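>>> no sequence on this one, just coordinates:
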Ligand SMILES: [Zn+2]
């Protein structure tokens, strides 16, 4: 099939730059989605203009230029001077980088780039909403579960260049079942063993959607990456809490034992959102970087 968009900007050598700039704009919209999706009674599209989260003044166009405005205004709202979090420009820059990377990985195939940047955008939203609220919006997870089979049918090369529509949809459904199934099982075991909810159902839906896009093998890699990353961050988080507790103990000249601090840190640090690490695993998979990573590892070991 002839790609529908053949403008040199979209498929030529400058394509990554074009897609990177698109990513900046989309990132600005994702910030709005991250802020409004978990909030009750807020719509992503109404009002269309971004507002200052504190004084709720609508931003003018020059206050709303991705990354640049934040730098020029020195991280403050022009009206109320309240500080604007560095996460806003971070999300914009991250989205730009991801779009740029997608254009690199799928050079000359604008349809695939379009699908990949759509998935990556969903993952960015899931990541930051999960950091904020310990939940993954259904718009992303269930939306992904619906879109994955539809897009696999329309663009079978999502699952491999030589696949027909039937094979691509089968691969998609298998990926969803394997990804969602494994995480559901882990959660079930966690509930039985520790009698607490070890895994949110939002995570299960997100991984099912991810599996629908990157297939069964891809999602297994993704889960492995997420488990390693999540464990590292979890341990660092407990260490941080432990150090904070020890400083407090030292300040108050209390005679708390190290073991007690360790136990307290372990309890308090147990809950970290898992969605962001799942998102990294899925994102690396859809960019094809898990293969590149494996190749690099093999090259380094040889
Ligand atoms: Zn303000």
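Noted; the coordinates are in hand. Not measured: the values here are computed from a predicted model.
>>> burial measure for residue 222, as a count.
For residue 222, the neighbour count with other CB atoms under 10 Å is 27. The way it works is simple: take the backbone N, C-alpha and C, and place the C-beta from them, glycine included.
>>> For the closest residue to it other than its chain neighbours, give me phi and psi.
Spatial nearest neighbour of residue 222, excluding adjacent residues (CB to CB, 6 or more residues apart in numbering): residue 281 at 3.2 Å. With angles defined as degrees, to the nearest 10, residue 281 sits at phi -60, psi -40.
>>> Name all residues that make contact with residue 281.
Listed by CB atoms under 8 Å, 6 or more residues apart in numbering, the contact set of residue 281 reads 210, 221-226, 229.
>>> By neighbour count, which of those residues wins?
Greatest neighbour count in the contacts of residue 281, by other CB under 10 Å, goes to residue 210: 35 neighbours.
>>> mind checking pLDDT for the closest residue to that residue other than its chain neighbours?
Nearest residue to residue 210, sequence neighbours excluded (CB to CB, 6+ apart): residue 282, at 3.6 Å. On pLDDT, residue 282 comes in at 96.
>>> Could you give the secondary structure assignment for residue 282?
helix (DSSP: H, G, I helix; E, B strand; the rest coil).
>>> ok, of the contacts of residue 281, which one's closest to the ion?
Of all those, the ion sits closest to residue 229, with 35.1 Å by CB to the ion.
>>> Am I right that the closest one falls within a strand?
No - counting by three-state DSSP, residue 229 is not found in a strand; it is helix.
>>> what's the next secondary structure element after the strand or helix carrying residue 233?
Following DSSP states H and E, one finds residue 233 within helix 201-252. Downstream of helix 201-252, the first helix or strand assigned by DSSP H and E is helix 258-268.
>>> tell me which parts of this protein are close to the ion?
Counting by CB under 5 Å from the ion, the chain comes close to the ion at 52, 54-55, 77, 79-80.
>>> what do you get if the cut-off is 8 Å, keeping everything else the same?
Within the chain, the residues that sit near the ion (CB under 8 Å from the ion) are 52-57, 77-82.
>>> Looking at these, which is nearest residue 216?
Among the residues of the chain next to the ion, residue 53 lies closest to residue 216 (CB to CB), at 40.9 Å.
>>> Show me what the helix holding residue 233 is packed against.
Here helix 201-252 touches helix 110-133, helix 138-154, helix 165-194, helix 258-268, helix 275-286, helix 289-301, going by 3 or more CB pairs under 8 Å, 6 or more residues apart in numbering; DSSP states H and E.
>>> starting at the chain centroid, how far to that helix?
Centroid separation between helix 201-252 and its chain, computed with CA atoms, centre = their mean, to the nearest Å, is 13 Å.
>>> again with stretch 146-158
With CA atoms, centre = their mean as the basis, stretch 146-158 stands 20 Å off its chain's centre.
>>> Likewise for stretch 123-134?
On CA atoms, centre = their mean, the centre of stretch 123-134 falls 7 Å from the chain's centre.
>>> ok, and what's touching that stretch?
Contacts of stretch 123-134 (CB under 8 Å, 6+ apart): 27, 30, 33-34, 37-38, 87, 91, 94-95, 98, 135-137, 139-141, 200, 202, 206, 271, 273-276, 279-280, 282-283.
>>> cool, stretch 260-274 as well?
Defining contact as CB under 8 Å, 6+ apart, one finds that stretch 260-274 is touched by 130-131, 134, 199-200, 203, 226, 230, 233-234, 237-242, 245-246, 249.
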